[in-house]
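In: Need coordinates for the below:
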Amino acid sequence: MPAFKTQTISGWGRFPQAEAQLYRPERTSEIKTILREHTQAALIARGNGRSYGDASLNSGNGVVLTERVNRFLAFDETTGLVTCEAGVLLKDILDVFLPRGWFLPVTPGTKFPTIGGSVACDVHGKNHHGAGSISRHVEFLDLLLASGEIVRCSQTENSDLFWATAGGMGLTGIILTVALRLQRIETAYISVDFVRTRNLDETIELCEARDDSYRYSVCWIDCLASGNALGRGVLMWGEHARLDQLPSRLAKNPLQSRKKRDVTVPFTFPNWAINPLTVKLFNFGYYHQHPKERNGAIVDYDTYFYPLDSVLEWNKIYGSRGFVQYQCAFPLEVSRKALTQTLEVLSRHGLASFLAVLKRFGPQEGLLSFPLPGYTLALDIPFNNPNLLETLNRLDALVVAEGGRIYLGKDARMSAGHFAQMYPNLEKWRAIKRKVDPENVFSSDLSRRIGLSEF
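Out: All right, here's what the predicted structure looks like:
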């Protein structure tokens, strides 16, 4: 019988927590054995635990850790196609292939998720308006079904299962292998144009006017600003810097950016440390440290894409109660109105967030993929406000009313009723789930909470 360890785990937000029985295989063959011989009612795969809520939690059931199933299998130097096991981190891909002139086609705001988890959440990045989510760049994936069969899926082979798996939160089977198309780059640096905006109207007007001229676009938002300053922020457009754009000192080793010294948060902060006052002070300083406009700043890729990754275990800053990552998306035609209402609610209730990020989405495939053409707002909100869950439920109702949706990869508390109204392809996804996993072998706390898996 495969060995397991009973342990309490959480997502990156540290809320909620669950006790589960953890398996730690080191080979694909061991995963197949666990599937065949497990004694729990349900299993779910877990990569590096970087989803924020309960997507990889499985209370009283089995969790298959894929962190040691992390081998590179093949690489095509001509096309940039890398094939690897699901436990490979995005960081591993960058460490190996960036010095060779290749970069991830899509990356979230951290490089520590596994490639399997990234596909299961169908992660997006600062270039979604042009490049889509990561699934668009997956050549194929190998999926272990509940029956024990391994099926190859792609946009042309078993395509229904591919689009149910990309964004399917690990519920169609266990992703074993992913083949990903990388993009070629000349340097490890990003050329960034900054603009400080006065309010949400100006922010959206500039995004509409300029986003399509850049590969990457993101805006930090002051979520506690109000009145005429509601939605003020700092826009950061980026392009991979060419070799001829680098100063001579960087051009000597253009694919090797300066290594930074990582800092680890040494202890869990008091639950009151992040509050409207401290966030207001931080937001004021961050907003005013940027000039009104600056063009052509050369920054290393870590600084632009992964500003928090140099602070290890930064989730401890939010205290022992943890925090909720709330990310919503609205259709383009209602985005300005809906985002204004959302920011007004946050400001009025003092739901403080250091990290409030606005991005524009483009078209998106996938049955449960989060992005839709429009705008998305992501917030980290500490669990120290007694009205937090009630206020977020009200925001969920606003999201539903405006035809928007909540990101499953970050959710920790959405209701099944709200979820069903947000994802129009839910029944089509469920039909595929019933076909490949009729006994709900693959299930999680998330899937049971929002009605994706039912026993």
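In: same for the least confident helix or strand in the chain by mean pLDDT, what does it pack against?
Out: The weakest-scoring helix or strand in the chain, judged by mean pLDDT, DSSP states H and E, is helix 276-289 (a mean of 86). Where contact means 3 or more CB pairs under 8 Å, 6 or more residues apart in numbering; DSSP states H and E, helix 276-289 is packed against strand 233-240. For the C-beta atoms, the positions are set from N, CA and C on the backbone; glycine is no exception.
In: mind listing what's buried in the next helix or strand after the strand it packs on?
Out: Going down the chain from strand 233-240, the next helix or strand is helix 248-251, by DSSP states H and E. In terms of neighbour count (16 or more other CB atoms under 10 Å), helix 248-251 has its buried residues at Leu250.
In: Over to stretch 339-356?
Out: 339-343, 346-347, 349, 351-356.
In: Closest one to Asp380 out of those residues, please.
Out: Asp380 has its nearest neighbour among the buried residues of stretch 339-356 in Leu355, at 4.4 Å by CB to CB.
In: Provide a list of residues in contact with the closest one.
Out: Leu308, Ala378, Leu379, Asp380 (CB atoms under 8 Å, 6 or more residues apart in numbering).
In: which one of those residues sits closest to Arg261?
Out: Using CB to CB, Leu308 comes nearest to Arg261 of the contacts of Leu355, at 14.9 Å.
In: residues near that closest one, how many?
Out: 13 (other CB atoms under 10 Å).
In: and the residue nearest to it when sequence neighbours are not counted, how far is that from Leu57?
Out: Take Leu308 and drop its neighbours on the chain: the residue closest to it by CB to CB, 6 or more residues apart in numbering is Trp314, 5.5 Å away. Distance from Trp314 to Leu57, counting by CB to CB, to the nearest Å: 21 Å.
In: Check Asp445 too.
Out: Applying CB to CB, the value for Asp445 to Leu57 is 4 Å.
In: Looking at these two, which is more packed in?
Out: Leu57 (26 against 23).
In: is it true that that one touches Trp12?
Out: No. If you go by CB atoms under 8 Å, Leu57 and Trp12 don't touch, sitting 11.8 Å apart.
In: Common neighbours of the two, please.
Out: By CB under 8 Å, 6+ apart, no residue touches both Leu57 and Trp12.
In: I'd like the mean pLDDT over stretch 255-262, please.
Out: Mean pLDDT, stretch 255-262: 81.
In: List the buried residues of that stretch.
Out: Going by 16+ other CB under 10 Å, stretch 255-262 has these buried residues: Leu255, Ser257.
In: Next, count neighbours for the residue lying closest to Thr340 once chain neighbours are set aside.
Out: Excluding the flanking residues, the one nearest Thr340 by CB to CB, 6+ apart is Leu200, at 6.0 Å. By other CB under 10 Å, 24 other residues sit near Leu200.
In: For Ser226, give its distance to Ile204.
Out: 17 Å.
In: more crowded one of the two?
Out: Between Ser226 and Ile204, counting by other CB under 10 Å, Ile204 is the more crowded of the two (21 against 13).
In: Test my guess that that one contacts Lys359.
Out: No. Using CB under 8 Å, Ile204 is not in contact with Lys359; the gap is 11.7 Å.
In: list the residues that contact both of these two?
Out: Joint contacts of Ile204 and Lys359 (CB under 8 Å, 6+ apart) are Tyr375.
In: Who's the closest spatial neighbour of Val400, skipping the chain neighbours?
Out: Using CB to CB, 6+ apart, the nearest residue to Val400 is Gln421, at 4.7 Å.
In: Quick one: the helices in the stretch 151-300 of the chain, in order.
Out: All helices of the stretch 151-300 of the chain, identified by DSSP state H, counting those that start in this stretch, fall at 159-165, 200-210, 248-251, 276-289.
In: Now do the second one against strand 233-240, angle only.
Out: Here the directions of helix 200-210 and strand 233-240 differ by 20 degrees (axes from the mean of the first three to the mean of the last three CA atoms, to 10 degrees).
In: pLDDT score for Leu351?
Out: At Leu351, pLDDT is 81.
In: and it, what is it in contact with?
Out: Counted by CB under 8 Å, 6+ apart, Leu351 has contacts Cys223, Val345, Leu379, Ile381, Asn385, Leu388, Thr391.
In: any idea how far Cys328 is from Gln421?
Out: In terms of CB to CB, Gln421 sits 13 Å off from Cys328.
In: what's the answer for Asn387, then?
Out: Taking CB to CB, one finds Asn387 at 18 Å from Cys328.
In: Next: Tyr423.
Out: Noted for Tyr423: a distance of 13 Å to Cys328, by CB to CB.
In: My read is that Pro25 contacts Val64, right?
Out: Yes. Using CB under 8 Å, Pro25 is in contact with Val64, at 6.8 Å.
In: The helix or strand encompassing Phe75 pairs with which strands, and in what direction?
Out: Using DSSP H and E, Phe75 maps to strand 72-76. Strand pairing for strand 72-76, determined by DSSP bridges: strand 81-85 (antiparallel).
In: pLDDT of the partner strand, averaged?
Out: Mean predicted lDDT for strand 81-85 stands at 98.
In: Tell me the helix or strand right after it.
Out: With secondary structure assigned by DSSP H and E, strand 81-85 is succeeded by helix 90-97.
In: Mind giving me the packing neighbours of the next helix or strand after that following helix?
Out: Next helix or strand after helix 90-97 toward the C-terminus (DSSP H and E): strand 102-103. In terms of contacts (3+ CB pairs under 8 Å, 6+ apart), strand 102-103 is packed against strand 183-184.
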